[in-house]
Structure formats: structure tokens, C-alpha cells
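Visitor: Next input, structure requested:
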Amino acid sequence: MTCSAGAEWKQAYVALGGNLGDVLAAFRSVFRDFVAAEEIRAVRFSSAFKTVALTVDGYSEDVPAYWNAVCAMETRHSAKQLLSALQRLELAQGRVRQGRWEERTLDLDILSYDNEVVCDSDLSLPHPRLAERNFVLQPFAEIAPDYKIPQWNKSVGDLLAQQADKWAGIVEKRENWLTR
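Guide: Reported below is the predicted structural model:
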């Protein structure tokens, strides 16, 4: 789906995650797709963080570990158009949606979109569990520590600083994952 040439550019932050297959290769593919898209510009990625899997019952080492990163972008997509574009990228990487908390090849979540607050059956902005997840806050704070999250009216850095253990669940950080 393309946007009209006159559409206004909006700031968006997207979380990337996955724990099946070559996740960092999937992240690199998403990066190439973002850079090539006419509706997206100023793409910037955090380091990749490997974390113990978070399940319904808490962190579990019995499930493959996840890789997580955050992307900052400007886009001419509306929030819902961006969500649709992200879901197409997930499908292209073999994502099968079976339910919440399942293992996945690629998960792309909009964390925040142009300071909008949205709560409907398709999309919640900002991401409702953003403030409680170190594996999202760590990479987000790396690229936008001063960005204020709507609803909480706190910066990403402040939300991370509120965590009892800022590194809980994180087992590895890879800075140069885009270049292998």
C-alpha cells in the first residue's frame, strides 16, 4: 500500500523480536525493506539484545531465547497502514500466528506512533506492555532515551530507570548485527 506523495511524515518506533530460525538475518531483511520503502525514511536501529524467553509463566530457559531490537523511523503510512505493512513483513519471514506468547520467526510491534494514543481491536498505542519490558526498554533507550511516551508522560530512559533490574533477562548485546 502506498501513501500519497503529499502525506505528512510521522515519527514511529517499532520493536523487532524473534526466537526461531536466523532471527538476525530476518532483522537485516526488515532493515533492507525499510530502507527501500518510499513511505519510510530515517531508519535507525538499536543494538540487538538476546533475552531469555518471556512466557505466560515468566522467563523460561526451556524456550529458545529471543533477539530484540528497536527501530526509529519516519513514515508517511498511517498507524494502521504501518501495522499492515509490518504484518506483511512478518509473513514474508515465515511468521505463523497461533496465539499470544508463541515462538516466532519475526515479531514487529509498533511501540509508538507520532504521540498518538489508540486503543481498538486492531491496534493499541503506545504499546500497552512497553513500560514493563526490559527487552524493549533497553534497545529503545539506546536510540531515543529522551522520547516521552504518551499516556505515561515519561521518557523511555525514565521508564528504564524505574526497573528494579534494568538487565533482567538480557544475556547478550550485539552492536553490529546489521553487518553480521
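
Visitor: looking at it, Gly21 is touching Arg104, isn't it?
Guide: No: assessed by Cβ atoms under 8 Å, Gly21 is found out of contact with Arg104, at 9.4 Å. Bear in mind the C-beta positions are built from the backbone N, C-alpha and C, glycine included.

Visitor: These two: which is more packed in?
Guide: More crowded of Gly21 and Arg104, by other Cβ atoms under 10 Å: Arg104, with 21 against 14.

Visitor: part of a helix, is that one?
Guide: No: Arg104: not assigned to a helix; according to DSSP: H, G, I helix; E, B strand; the rest coil it is coil.

Visitor: Against Cys119, how distant is it?
Guide: Distance of Arg104 to Cys119, computed by Cβ to Cβ, to the nearest Å: 24 Å.

Visitor: likewise Asp33?
Guide: For Asp33 relative to Cys119 (Cβ to Cβ), the value is 28 Å.

Visitor: now Asp109
Guide: Taking Cβ to Cβ, one finds Asp109 at 15 Å from Cys119.

Visitor: Show me the helices in the chain, by range?
Guide: Secondary structure of the chain (DSSP state H): helices located at 23-36, 79-92, 134-143, 156-161.

Visitor: Go ahead and name everything in contact with the second one.
Guide: Contacts made with helix 79-92 from outside it, assessed by Cβ atoms under 8 Å, 6 or more residues apart in numbering, are listed as 1, 3, 12, 14, 29-30, 33, 37, 39, 75, 77, 104-110, 113-114, 116, 118, 122-123, 125.
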